[in-house]
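Novice: Quick one, what's the 3D model for this:
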Amino acid sequence: MSSPTYKLINTRNYARHLWYTCGLVMIHVGEFLTFAAVVLCVFANIGQLSNNIVTRNIRYVSVDTSGLGDALSRNGQSIGNLYASSQSSPVGQGNGLKDDYQWGLYNYCAGQESGSQRACTKRNFGFEFLPVDAILSDAPQDARQTIQNFLPASTFRDSKYLGDFSKPAMYLIFIGSCLALVAWIAGLLSHRFAFLGAAFIALLSALALGVGAALLTAIYVKAKASVNNAQYGVVVHYGNALWITWAAFAAVALSIVPYIISCCTGRDDDY
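Specialist: As a prediction, this is how the structure comes out:
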């Protein structure tokens, strides 16, 4: 074998090895990104599901009502026994307002902002963000109409609008979370067609998570802007679960590219 021919074969072998090495690196990058998205989605989904120290501190949005009583008093509408005597009393039974209301993906809890003295609603899919409904269900019966009239006639009080957008957003985030898990599992199959499938599923996951997070962000922004005023004594805070969902969206969206590269550089057999 002549020296030039040997060098050409050697160069081709090196290029082929480099090509497959690139594919292997991209596979691991894609798997890491989808795994990260799955972990983030798990955290976003478990927020407010229980009263343990982890889940109770994960929320999509919170509504601080601790200043509502003073705001009503300044407006000449003082209400006695407005707040619950115990922050751990059941919600939605007219026992008095809680200091803080925190929404997760499937329920909300109310009570102390970060402490264990709180109570939660039952969990269900497609849970809606209805802050005024939550406040009024806790308020004493004779104070509900006063509170409703006092709060601004804005997005914060528009339960139909908030419900119509928050409900599908919750479904989309759940679906996107499940698809992220499927994309990660597909990427573990180490076959070029599995990588193509993982890329497509990751795309669907990114769309679901992105649209869901965008819907929630939009209604939270509008609700916050409409009521965050010392005049009303109610403050809306964005929760960490919202940013966790956006991070999961970014991770699963970024995984699409390495999976596509893996499909192009891979072999038909397993790695």
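
Novice: Could I get the full set of strands for the stretch 51-200 of the chain?
Specialist: Assignment of strands within the stretch 51-200 of the chain using DSSP state E, counting those that start in this stretch yields the ranges 61-64, 100-103, 108-111, 118-120.

Novice: could you dump those strands to a markdown table with mean neighbour count, mean pLDDT and distance to A248?
Specialist: (C-beta placed from N, C-alpha, C; glycine too.) Putting the strands of the stretch 51-200 of the chain into a markdown table (neighbours: other Cβ atoms under 10 Å; pLDDT from 0 to 100; distance: least, Cβ to Cβ, whole Å) gives the following:
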| stretch | mean neighbour count | mean pLDDT | distance to A248 |
| --- | --- | --- | --- |
| strand 61-64 | 22 | 94 | 17 |
| strand 100-103 | 26 | 94 | 18 |
| strand 108-111 | 26 | 92 | 21 |
| strand 118-120 | 21 | 90 | 24 |
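
Novice: mind checking which of the ones you listed is nearest S177?
Specialist: If you check each of the strands of the stretch 51-200 of the chain against S177 by Cβ to Cβ, strand 100-103 wins as the nearest, at 16.8 Å.

Novice: Can you dump the C-alpha atoms of that closest one in PDB for me?
Specialist: The C-alpha trace of strand 100-103 is given here as PDB (Å, rounded to 0.1, in the frame of the first residue of the first chain):
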ATOM      1  CA  ASP A 100     -51.000  34.700  52.200                       C
ATOM      2  CA  TYR A 101     -52.400  32.500  49.400                       C
ATOM      3  CA  GLN A 102     -50.100  30.300  47.300                       C
ATOM      4  CA  TRP A 103     -51.000  28.600  44.100                       C
END
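
Novice: circling back: quick one: closest of the strands of the stretch 51-200 of the chain to V234.
Specialist: The nearest among the strands of the stretch 51-200 of the chain, by Cβ to Cβ, is strand 61-64 at 6.4 Å.

Novice: Show me what the closest one pairs with in its sheet, parallel or antiparallel.
Specialist: strand 100-103 (antiparallel), strand 235-238 (antiparallel) (DSSP bridges).

Novice: neighbours around S116, how many?
Specialist: Counted with other Cβ atoms under 10 Å, the neighbours of S116 add up to 12.

Novice: would you list the strands paired with strand 61-64 in a markdown table and tack on distance to G210?
Specialist: As requested, those are arranged in a markdown table below (distance: least, Cβ to Cβ, whole Å):
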| stretch | distance to G210 |
| --- | --- |
| strand 100-103 | 20 |
| strand 235-238 | 17 |
